[in-house]
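**Student:** A predicted structure for the sequence below; I have some questions about it.
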Amino acid sequence: MNKLILFLFVFLYISNILAENLIPESVKLAFTKSKNEMRVTWYTMDEGEAPTVLYNTEMFEPIQDSTFTSFGKVISYFTIGFDGKINTAVMSSLSPSTIYYYCVGDKSSNVWSSIFNFTTNQFDAPSNEVIPFTTSFFGDMGWMEGDSLNSDVYTVDNLLSRINEIQTLHHVGDIAYADKQKPKDLPGNQTIWNKFQNSISPLSSHLPYLTCPGNHDRFIDLSVYTKTWQMPVDFESDSWYSYDYNGIHFVGFSSEHDYFPLSIQHTWIENDLKQYRKSNPNGWIVMYSHRPFYCSVVWDWCSNIDIVESKKIYLWSLEDLLYRYNVDLFISGHAHSYERSLPVYKNKILGDVNSPKATIHIVVGTGGDVEGEDMIWQPSQPWTTGLRTSINGFGLLNVINSTTLNWQFIANINNTVIDEFNLTKGQFDF
C-alpha cells in the first residue's frame, strides 16, 4: 500500500512538472499571406505532442472543444544558449470585422493558456478602398529590471491604455536587447529575450505585432529572430514581407540582410512595389525597416554619408526604389531619438506635406532600451521639420481616408501627443 501511494505521488509530481513545462508563454499574433487567417505563436519549455489553437466567435471553455481547432507545429532553436520550443498555429477561414476568442496549448496534455481575443479587419472590402484605422510604430525597445523610462514598461503601459483605439503594432527592430546583457561566450541572453516577450504579451496576444530585425537581434545569424517572430514571409528564413490592411500597403524589410541591387531581398522589394503600383497607382504605401535613410543625431550612422560607407551603400541601393514607386512614408528606428523629414530624395526637398513629391521619413527609435537615448543633435538639416527630441515614446499612424494620413508622436512621460502632422497623398514626378 505504501509503495502504491509513493508511486502515485511520484507520478503526479512528474506529471505536474511536465504540464508546467507546456504552459504557453509569450503569446503573439501576426498576419499570414491570406487575409482571412491569423497566426499565433507561443513559447513552451518542453515540446508537446499536439500544439493547438482553439478559437470561436463566442467565449468557450478549453476543456471542451471550441467550434474551431487548428493543430500547429513545433520549431526548435539551434543557437547556442537558446532552449525551449516555439509553437505556431494558424486560425483560418475567419470572417471579416469579427471578434474571435482563442486559447493556445497542447491538446494531448490538456494544458491551455488563458482566453484571449482579437478582431479581424474589414478584409472583404475592395482592395483599394481605404477604411480608417490606427496603427502604432516604435523601435529600439527592450526589457530591463525596474520601471525606468529606458525600458519597455512605459511604452507597453501607454499602448495598453489605447488598446481599443489601435488595430496593429509595428516594432521596427532592436527587440529586447538580449545581446547587451548576455552571458560570456553566448550570442544572446534568452532570459531577457523571453522576459521581453512576456512583457508585451498583453499587447501581442490581442493585436497583430509586426516586426523587422535590428542590429541587436542578429545573434550570429538571425535564426533566433526568424523563429521567434513568425511574420507573413514567403520563406521561413526571410525577414521581408508585405501585407495589405484596410486599403494600405505595408512593406517591411531587413536592414540586416543583403539589400544590394540583384540580391534576393532587393529583387523582392522591387517586385513587390512594382506589382502593387501596377494594380493600385494611387494607393498608400508605408514602408518600414530598422535603419533610417535620414537622421540627424550625433552618432555614426547619422553622420555624413561620405564618412559612413555602409550608410552610403544603403542609400544607393534602396532610396531610388522609394522614389520610383511612390512610397509615401518610411518609418525606422536605430537612432534612439524621434524626428521627421520633409518630402526628400537624394537630400533635396521635393514639395511639402500638402503636396509631397518624395517620401517622408520618420525615425521613432524611442521605445526605451538599456542603451538610453541619443541626446546630442547635429545642426538642423534642410530636410528636417517638426520636433526633434530624445524623449521616449511611440508613433500613431491614423489612416483617415484615401487622401489623408495623420501622424502623432506620443511622449511616454505623460502619454500625450507632442508632435503631429497631416499628410496629403502625393504623386512623385518620376
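**Tutor:** Done, it's in.

**Student:** roughly how far apart are residue 153 and residue 365?
**Tutor:** Separation of residue 153 from residue 365 (C-beta to C-beta, to the nearest Å) stands at 17 Å. C-beta here means a position set from N, CA and C on the backbone, and glycine is covered the same way.

**Student:** what about those two, which has more around it?
**Tutor:** When residue 153 and residue 365 are compared for neighbours, residue 365 comes out ahead with 30 against 18, by other C-beta atoms under 10 Å.

**Student:** per-residue confidence at that one?
**Tutor:** Looking at residue 365, its pLDDT reads 97.

**Student:** next one: residue 64
**Tutor:** 69.

**Student:** for the remainder of this discussion, apply numbering that starts at 41.
**Tutor:** New numbering, starting at 41: the last item is residue 104.

**Student:** for residue 142, see how far away residue 383 is.
**Tutor:** Distance from residue 383 to residue 142, by C-beta to C-beta: 42 Å.

**Student:** ah, wrong one, I meant residue 273
**Tutor:** Counting by C-beta to C-beta - residue 273 and residue 142 are separated by 22 Å.

**Student:** just residue 237 next, same as before
**Tutor:** Taking C-beta to C-beta, one finds residue 237 at 18 Å from residue 142.

**Student:** swap in residue 441?
**Tutor:** Taking C-beta to C-beta, one finds residue 441 at 32 Å from residue 142.

**Student:** before we move on, what about residue 254?
**Tutor:** 29 Å.

**Student:** what residues are bridge-paired with residue 403?
**Tutor:** Residues in a beta bridge with residue 403, per DSSP bridges, are residue 372, residue 379.

**Student:** contacting residues for the closest residue to residue 415 other than its chain neighbours?
**Tutor:** Nearest non-adjacent residue to residue 415, counting by C-beta to C-beta, 6 or more residues apart in numbering: residue 430, 5.0 Å away. Counting by C-beta atoms under 8 Å, 6 or more residues apart in numbering, residue 430 touches 337, 376, 377, 378, 406, 413, 414, 415.

**Student:** apply 6 Å and report the result again.
**Tutor:** 377, 413, 415 (C-beta atoms under 6 Å, 6 or more residues apart in numbering).

**Student:** and the pLDDT at it?
**Tutor:** 95.

**Student:** helices of this protein, residue ranges please.
**Tutor:** 42-60, 193-200, 230-244, 263-268, 304-319, 349-364 (DSSP state H).

**Student:** need the pLDDT of residue 462.
**Tutor:** At residue 462, pLDDT is 98.

**Student:** between residue 441 and residue 142, who's got more neighbours?
**Tutor:** residue 142 (25 against 12).

**Student:** hmm, that one is touching residue 95, no?
**Tutor:** Yes - in this structure residue 142 lies within contact range of residue 95 using C-beta atoms under 6 Å: 3.9 Å.

**Student:** still on that earlier bit, buried among the contacts of residue 430? Need that as a selection in ChimeraX.
**Tutor:** Applied in ChimeraX, the following selects the buried portion of the contacts of residue 430 according to 16 or more other C-beta atoms under 10 Å:
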select :377,413
